[in-house]
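**Student:** Sequence unavailable; structure follows:
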């Protein structure tokens with residue numbers, strides 16, 4: 001049969017990324033406390049396409065997914081990317097795996113247990129020129145209380161739910177739980193899925209005693225990541241969904257520790 005994809009492309013233009021996106025697929029993620037955790041991921045897979053090819057073989061991406069079923073982890077992402085590049089005869093391969101990761105949490109007073117979900121992504125690439133690259137992304141919802149409103153008000157302060165996005169490159173291995181823990185202790189207070197009235201009192205009082213600007217969040221997280229020799233690069237975004245403004249408060253920090261200051 002005629003292989004249409006191998007026919008010449010038009011306009012002599014190379015394409016940076018071509019492939020499949022938004023593929024829903026079951027995966028297993030390494031769990032610090034329970035060995036593994038099952039998740040349903042949204043997967044994007046791409047390769048470069050030189051101008052002398054009309055298209056790529058989309059079905060091969062899904063075949064590779066099936067080949068590594070149950071083995072899509074931080075540790076073997078490099079092998080998957082190399083297999084994508086080999087099967088698609090490409091100079092570069094890219095893969096993004098997004099999923100919801102759950103951690104069991106205990107309320108501060110009642111000790112009621114519940115599951116908190118965190119949006120995570122594996123972002124990997126393999127190129128002939130630059131080799132392997134991998135980023136772990138974790139989004140952590142937290143609670144922050146405004147230092148300014150606490151300072152200028154006699155009896156109150158406004159607070160808001162916030163989202164902190166942490167992306168890291170590293171030498172060896174990083175647990176999702178450790179990124180979540182670092183982020184939550186940098187905020188005014190962490191969030192819980194279940195709170196009884198004594199817990200609610202504890203959470204509100206804790207936040208009141210630990211006011212945080214978005215600037216404080218990125219600095220506190222950035223400081224700890226700078227001190228961690230395993231981390232080679234990080235990008236932190238902090239966003240407060242303001243309760244008394246029609247806009248959000250935002251801060252970000254990026255540092256590449258491989259580049260001398």
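**Tutor:** Happy to help now that I have it. Note that the structure is a prediction, hence the values are computed from the model and not measured.

**Student:** hey, let's count contacts and neighbours off CA atoms from now on
**Tutor:** Will do.

**Student:** which stretches of the stretch 51-200 of the chain form helices?
**Tutor:** For the stretch 51-200 of the chain, applying DSSP state H, counting those that start in this stretch gives helices covering 58-67, 77-87, 147-152, 176-186, 197-209.

**Student:** the strands in the stretch 51-200 of the chain, which residues?
**Tutor:** 92-106, 113-127, 131-145, 159-170, 189-190 (DSSP state E, counting those that start in this stretch).

**Student:** Out of the helices and strands in the chain, which is least certain?
**Tutor:** helix 147-152 (a mean of 87; mean pLDDT, DSSP states H and E).

**Student:** Any buried residues in it, and which?
**Tutor:** Applying a neighbour-count criterion of 16 or more other CA atoms under 10 Å, one finds 147, 150 buried in helix 147-152.

**Student:** what about that helix, distance to the chain center?
**Tutor:** Relative to its parent chain, helix 147-152 has a centroid offset of 32 Å by CA atoms, centre = their mean, to the nearest Å.

**Student:** and it, what other elements does it pack with?
**Tutor:** Here helix 147-152 touches no other helix or strand, going by 3 or more CA pairs under 8 Å, 6 or more residues apart in numbering; DSSP states H and E.

**Student:** just to revisit the earlier point, which one of the helices of the stretch 51-200 of the chain lies nearest to residue 230?
**Tutor:** Minimum separation from residue 230 across the helices of the stretch 51-200 of the chain (CA to CA) falls at helix 176-186, 12.5 Å.

**Student:** List the contacts of residue 84.
**Tutor:** Residues in contact with residue 84 (CA atoms under 8 Å, 6 or more residues apart in numbering) are 47, 61, 64, 90, 93.

**Student:** lowest-confidence stretch among the helices of the stretch 51-200 of the chain?
**Tutor:** Among the helices of the stretch 51-200 of the chain, helix 147-152 has the lowest mean pLDDT, at a mean of 87.

**Student:** Contacts for that helix next, please.
**Tutor:** Residues contacting helix 147-152 (CA under 8 Å, 6+ apart): 156-158, 208, 211-213.

**Student:** again with stretch 193-208
**Tutor:** For stretch 193-208, the external contacting residues (CA under 8 Å, 6+ apart) are 107-110, 112-116, 143-145, 150, 157, 188-189.

**Student:** Now the buried members of those.
**Tutor:** Buried members of the contacts of stretch 193-208, counted by 16+ other CA under 10 Å: 107-108, 114, 116, 143-145, 150, 157, 188-189.

**Student:** For the helices of the stretch 51-200 of the chain, give me JSON lines that also has distance to residue 135.
**Tutor:** Output for the helices of the stretch 51-200 of the chain, formatted as JSON lines (distance: least, CA to CA, whole Å):
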{"stretch": "helix 58-67", "distance to residue 135": "19"}
{"stretch": "helix 77-87", "distance to residue 135": "11"}
{"stretch": "helix 147-152", "distance to residue 135": "33"}
{"stretch": "helix 176-186", "distance to residue 135": "12"}
{"stretch": "helix 197-209", "distance to residue 135": "31"}
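
**Student:** Relative to residue 253, which of those is closest?
**Tutor:** helix 176-186 (13.8 Å).

**Student:** List the buried residues for that closest one?
**Tutor:** Result for helix 176-186 [16+ other CA under 10 Å]: buried residues 176-177, 179-180, 182-184, 186.

**Student:** list the helices and strands it packs on?
**Tutor:** Judged by 3+ CA pairs under 8 Å, 6+ apart, helix 176-186 is in contact with strand 131-145, helix 214-227.
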